[in-house]
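Q: Here you go, sequence then predicted model.
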Amino acid sequence: MSKRINERAGEQQDARLGGLVRSVGLVMLISTLARGLSLAGSMRYTAWFGYTLETDIYSYAVNLPNLIFTCIGTALVTVVIPIFSGRLASGEKGRAYRFIDSVVTFSLIIASLIAAAGILVSPLIVSMIGKFKTGDPALALFALRLMFPVMIFHAVNYILQGVLQSNGRYMLPAAVSAFSGLAVIIYVTFFAGSFGMRGLLIATFIGLAAQALVLIPTAAGPLKYRYKPALRLSDGDVRLAGRLALPVLVSSSSYQFNMFMNSTFAAGFDGGVLTVTNMLTLAFTASQLFIISTLSVFFPRMSARYATGDIAGFRNSLNSVMRLILIFAIPASAALAYLSRLLIPLLYGHGKATASDMATSAAVFAIYAAAVASIGFKEAADRAFYAIRDSRTPAAVSVVIMVLNITLSFILMNRIGLAGLPAAYFIAITAGAAILMLILRARLAAIGAGGDKVAESISASDNGKDTINTSTTQPDGAGSVLKQLIFKCAASSCIMLAALLLSEIILNIIIGIPGSSSGTAQTATAASFIGSALSALTSTSYGRPVAEQIIRLAVPALSGACAYLISAYALNIAEIRGFTHKINRIHSD
């Protein structure tokens with residue numbers, strides 16, 4: 001009887017885990033398609049307009065209002081979701097929606113005030129950036145005044161995404177970024193020749209507004225949410241949100257101020273704003289495809305479980321997130337950094353782009369890509385703290401990251417040029433993630449009965465069946481399992497990098513070294529092997545035919561992915577083995 005009960009419990013755990021994995025997979029797929037359209041939009045306008053003063057103005061004007069409101073938007077979402085999810089989990093849907101009414105009203109008021117202030121101070125902003133002031137101040141002023149009001153739509157977008165995700169509606173929020181990319185693609189393809197950069201700014205405004213507007217029918221229809229203007233300052237949930245929001249606002253403001261300073265520093269380099277913006281956006285797109293997709297599914301669950309006192313469930317959700325990031329984000333960081341020389345020319349090496357532009361962009365992206373894993377761990381740790389209603393710790397660490405990033409940016413920029421900005425960010429975000437993880441380990445050790453350590457939450461039994469740990473293990477044993485998992489992921493990543501290099505060397509021997517005068521195949525001698533190896537580590541694929549660039553990127557990428565999965569399977573990493581077992585069951589059925 002006991003054995004049968006245990007088997008049934010295991011089947012239920014597998015079913016729950018399978019449902020979450022499917023949700024993450026669908027969100028990831030939709031995010032990939034949506035982000036792909038957004039990426040295609042940036043590629044399209046970059047190829048058309050080039051790395052010019054106009055595109056620097058465009059990038060700065062689009063990003064500045066987003067950076068400003070994201071401070072508030074992040075604070076709202078990270079505070080609102082735990083409270084809103086907790087009310088839904090407790091069956092208090094009416095109270096939850098009344099709380100959202102107050103949040104929406106407050107957000108619209110703040111966004112409108114900031115937008116109005118931004119329009120008023122736009123001339124001052126233009127005068128502070130010498131290149132804009134002397135280059136095309138009229139375009140810069142038009143761009144800023146047009147884009148500041150988009151913050152009102154950002155407010156609606158942030159809140160409604162949280163409402164939908166808390167109600168288990170993950171797909172539409174994952175797809176909203178497609179609309180801005182689609183608007184840009186349509187404009188550049190059909191209208192850019194007639195209306196130029198000003199038209200692109202208007203098209204971008206329309207696309208960003210659409211990201212918010214498309215969420216309203218789902219919120220009003222299936223979820224039956226009807227917004228009623230209200231600002232219930234005496235409501236307990238509103239007061240709790242106010243207390244929690246200030247530290248989160250400090251945290252998100254620190255990050256956005258980092259991005260603002262990076263853009264301002266980059267404005268001193270020709271094409272610097274566009275380069276930094278595109279490469280950082282691409283790196284964040286890579287992180288969002290997996291990390292943010294995972295967190296969008298697990299964060300409401302963690303918040304709801306903690307709010308209802310289900311500490312074991314909270315730990316299980318955190319466990320799944322941390323393991324998935326460790327297993328997939330680390331190799332993704334390494335692979336993207338290595339493949340940057342091949343990826344960036346394929347995406348952006350068209351139109352008015354030059355070989356120098358591509359070399360600089362590839363170097364910048366490689367460093368940003370190396371930070372993807374650190375971004376993942378920081379985001380996951382932040383969400384864990386927010387779920388347990390501790391917003392002060394992430395705020396304090398974010399201030400440390402901000403100070404470290406700005407200081408290092410100033411130092412490294414003067415030593416190694418534009419690449420100093422991503423290098424400073426990589427160091428700062430990695431240090432911040434490490435600090436947060438150490439604090440989280442200590443904090444979770446004090447939560448729940450038994451005081452078991454966070455290592456248990458991060459390193460569930462690596463037995464090839466599932467990643468949910470419902471038993472209590474000794475701290476030393478849990479720490480040992482965690483170290484083993486880190487070693488396995490690192491070893492598999494090293495094997496992946498070796499496969500990437502070897503496959504690129506073989507391609508260089510077969511179809512020629514990129515940038516060589518002949519570009520023809522070589523005789524497989526020791527000298528050609530060494531030359532191919534050096535080329536694989538230094539040259540880009542800029543200027544080669546698109547079909548050849550795709551081959552040069554796809555073959556190493558597929559080789560590296562296969563090498564990682566095979567080595568991870570051989571090293572008995574549970575998630576990889578569980579995935580292959582599910583595939584085998586599907587084929588056998």
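A: Thanks, I have the structure now. Residues are numbered from 1 along each chain as shown.

Q: Following element in sequence after the helix or strand Ile411 falls within, please.
A: Assigned by DSSP states H and E, Ile411 belongs to helix 392-416. Once helix 392-416 ends, the next helix or strand along the chain (criterion: DSSP H and E) is helix 420-445.

Q: where does this protein have low pLDDT?
A: For the chain, applying pLDDT under 70 flags the ranges 1-25, 28, 251-252, 255, 288-290, 292-293, 296-297, 446-482, 512-543, 578-589.

Q: Kindly report the domain assignment for it.
A: Domains of the chain are assigned by automatic domain parsing as 30-245, 481-588.

Q: that older thread, by contact count, what packs against the helix holding Ile411?
A: Secondary-structure packing of helix 392-416 (3 or more Cβ pairs under 8 Å, 6 or more residues apart in numbering; DSSP states H and E): helix 236-266, helix 372-387, helix 420-445. Every C-beta, even on glycine, is put in place using the N, C-alpha and C of the backbone.

Q: most packed of those?
A: Mean neighbours per residue, mean count of other Cβ atoms under 10 Å, is largest over those for helix 372-387, with a mean of 26.

Q: returning to that earlier point: looking at the domains of the chain, which one is packed in the most?
A: Most buried among the domains of the chain, counting by mean count of other Cβ under 10 Å: domain 30-245, with a mean of 19.

Q: That domain: end-to-end distance?
A: 30 Å (Cα to Cα, to the nearest Å).

Q: For Arg443, which residues are in contact?
A: Residues near Arg443 by Cβ atoms under 8 Å, 6 or more residues apart in numbering: 385, 388, 390, 393, 454.

Q: Let me have the helices and strands packed on helix 392-416 in JSON lines, extended by distance to Ser42.
A: Below are the helices and strands packed on helix 392-416 laid out as JSON lines (distance: least, Cβ to Cβ, whole Å):
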{"stretch": "helix 236-266", "distance to Ser42": "15"}
{"stretch": "helix 372-387", "distance to Ser42": "18"}
{"stretch": "helix 420-445", "distance to Ser42": "17"}
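
Q: between those helices, which one is nearest to Lys133?
A: helix 236-266 (13.7 Å; Cβ to Cβ).

Q: and the closest one, how far out from the chain's middle?
A: Its chain's average C-alpha position is 17 Å from that of helix 236-266, according to Cα atoms, centre = their mean, to the nearest Å.

Q: what do you get for stretch 414-431?
A: With Cα atoms, centre = their mean, you get 18 Å for stretch 414-431.

Q: what do you get for stretch 370-378?
A: With Cα atoms, centre = their mean, you get 9 Å for stretch 370-378.

Q: now stretch 207-221
A: A distance of 22 Å separates the centroid of the chain from that of stretch 207-221, by Cα atoms, centre = their mean.

Q: Between the contacts of Arg443, identify the one with the most neighbours.
A: If you count neighbours using other Cβ atoms under 10 Å, the busiest of the contacts of Arg443 is Val454, which has 26 neighbours.

Q: hang on, the earlier thing: distance to Ala419 for the domains of the chain - can I get that in JSON lines?
A: Below are those laid out as JSON lines (distance: least, Cβ to Cβ, whole Å):
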{"stretch": "domain 30-245", "distance to Ala419": "16"}
{"stretch": "domain 481-588", "distance to Ala419": "15"}
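
Q: so which of those gets nearest Gly271?
A: Among these, domain 30-245 comes nearest to Gly271, with 3.4 Å by Cβ to Cβ.

Q: list the contacts for the closest residue to Ala424 other than its chain neighbours?
A: Of all residues not flanking Ala424 in the chain, Leu408 sits nearest, at 3.5 Å (Cβ to Cβ, 6 or more residues apart in numbering). Neighbouring residues of Leu408 by Cβ under 8 Å, 6+ apart: 420, 423-424, 427-428.

Q: Taking helix 420-445 as reference, get the angle to the helix holding Ile411.
A: Helix 392-416 and helix 420-445 are oriented at 160 degrees to each other (axes from the mean of the first three to the mean of the last three Cα atoms, to 10 degrees).
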